[in-house]
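K.L.:
sharing a model that was predicted from the sequence below.
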Amino acid sequence: MSMENVEYRLLALWAVLVAITLASLESIHAKGWFHDQRFQGAVVIILAFVKVRLIMLDFMEIRRAPMPLRIAVDVWVTVACGGLIGLLFNIF
């Protein structure tokens, strides 16, 4: 991959991360989206873990890592996100 493509990809990823951050802030401050604050919390947690996965894949270069490491990272992200949402809704 050429340096120009890498720079474009990182710039696009940065824009996506900023958009996710703004969406997270909007979901917190929007009054009419959710009637239960737990759902707002769940949206924020999910968006945070989407950002975690994107950062791990591209900035920590897990995208080019061996497949078992990629699977381990995806499992960790999924379990951590699900665990926090479970705690939020008092499932555990």
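P.N.:
Right, received. Where do you want to start?
K.L.:
what residue is smack in the middle of the chain?
P.N.:
Geometric centre of the chain, nearest residue: residue 50, 1.5 Å, by CA atoms, centre = their mean.
K.L.:
so where do the strands sit in this structure?
P.N.:
Here the chain has no strands by DSSP state E.
K.L.:
so where's it shaky on pLDDT?
P.N.:
1, 31-34 (pLDDT under 70).
K.L.:
the helices in it, which residues?
P.N.:
Remark: helices assigned in the chain by DSSP state H are 3-29, 37-58, 67-88.
K.L.:
which one of those is the most hemmed in?
P.N.:
Among the helices of the chain, the stretch with the highest mean neighbour count (mean count of other CB atoms under 10 Å) is helix 37-58, at a mean of 16. Backbone N, C-alpha and C define where each C-beta goes, glycine included.
K.L.:
give the other helices and strands that that helix contacts.
P.N.:
Helices and strands touching helix 37-58, by 3 or more CB pairs under 8 Å, 6 or more residues apart in numbering; DSSP states H and E, are helix 3-29, helix 67-88.
K.L.:
any chance of those helices in a markdown table, plus distance to residue 41?
P.N.:
Listed next are the helices and strands packed on helix 37-58 as a markdown table, based on distance: least, CB to CB, whole Å:
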| stretch | distance to residue 41 |
| --- | --- |
| helix 3-29 | 9 |
| helix 67-88 | 5 |
